[in-house]
Structure formats: structure tokens, C-alpha cells
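In: no sequence on this one, just coordinates:
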């Protein structure tokens with residue numbers, strides 16, 4: 001670590017328990033193009049657009065551009 005810079009605090013991710021039905025609903029909500037896969041862009045856009053979804057998944061709704069790669 002370089003002098004004068006503080007290391008960002010990282011916390012252990014929270015466990016999220018979803019029913020199969022709820023997980024399926026969320027999956028289809030995030031899969032914007034309907035191809036059966038969730039891309040990084042779809043994932044980030046969904047969290048930015050729907051703060052309730054981000055809260056339910058214990059994830060941030062505000063993601064800065066440089067942070068995007070940490071959510072793969």
C-alpha cells in the first residue's frame with residue numbers, strides 16, 4: 001500500500017435466501033434481452049434501475065464504472 005492511501009474496507013457478503021419462484025422471477029427481470037443468460041451489462045443496469053431489487057439481493061444500486069468488473 002502506498003503512503004497516504006487507505007485500503008478500502010471490505011465486508012463479508014450477506015447471505016440472501018430466495019425461493020425458487022422468487023429467484024426465477026428476478027432472473028427474468030434482469031435478463032432484459034430474454035436470451036436465458038444475464039450479462040454484466042444487464043446485471044448492472046437492473047441494479048441501477050431497481051433499487052428495491054438491489055436491496056433484496058443485498059447489493060448496491062449505485063455502481064461506479066470502475067467498480068463494474070468486481071460484480072462478475
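Out: It's in. None of the values given here were measured: they were computed from a predicted structure.
In: what ranges do the helices span in this protein?
Out: 20-30, 40-49, 51-56 (DSSP state H).
In: tell me how far the longest one lies from the chain's centre.
Out: The gap between where helix 20-30 is centred and where its chain is centred comes out at 14 Å by CA atoms, centre = their mean, to the nearest Å.
In: which outside residues touch that helix?
Out: For helix 20-30, contacts defined as CB atoms under 8 Å, 6 or more residues apart in numbering pick out 18, 34, 38, 42-43, 46, 50, 53, 56-57. In this view, the C-beta of every residue, glycine as well, is placed from N, C-alpha and C.
In: mind listing what's buried in it?
Out: Neighbour counts using 16 or more other CB atoms under 10 Å place 26, 30 of helix 20-30 among the buried residues.
In: drop anything exposed from the contacts of helix 20-30.
Out: Buried among the contacts of helix 20-30 by 16+ other CB under 10 Å: 38, 42-43, 46, 50, 53, 57.
In: need those in TSV (columns: pLDDT and distance to residue 64).
Out: Putting the buried ones among the contacts of helix 20-30 into TSV (pLDDT from 0 to 100; distance: CB to CB, whole Å) gives the following:
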residue	pLDDT	distance to residue 64
38	95	20
42	93	18
43	90	15
46	92	16
50	92	18
53	93	18
57	90	18
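In: just those residues now: which is nearest residue 14?
Out: Set against residue 14, the nearest of the buried ones among the contacts of helix 20-30 by CB to CB is residue 57 (9.2 Å).
In: number of residues surrounding the residue nearest to the closest one when sequence neighbours are not counted?
Out: Sequence neighbours aside, residue 16 is the residue nearest to residue 57 in space, at 5.6 Å (criterion: CB to CB, 6 or more residues apart in numbering). Residue 16: 11 surrounding residues under other CB atoms under 10 Å.
In: would you list the phi and psi of residue 16?
Out: Main-chain dihedrals, residue 16, degrees, to the nearest 10: phi -120, psi 130.
In: that one against residue 53, yeah?
Out: No - counting by CB atoms under 8 Å, residue 53 is not a contact partner of residue 16; they are 11.3 Å apart.
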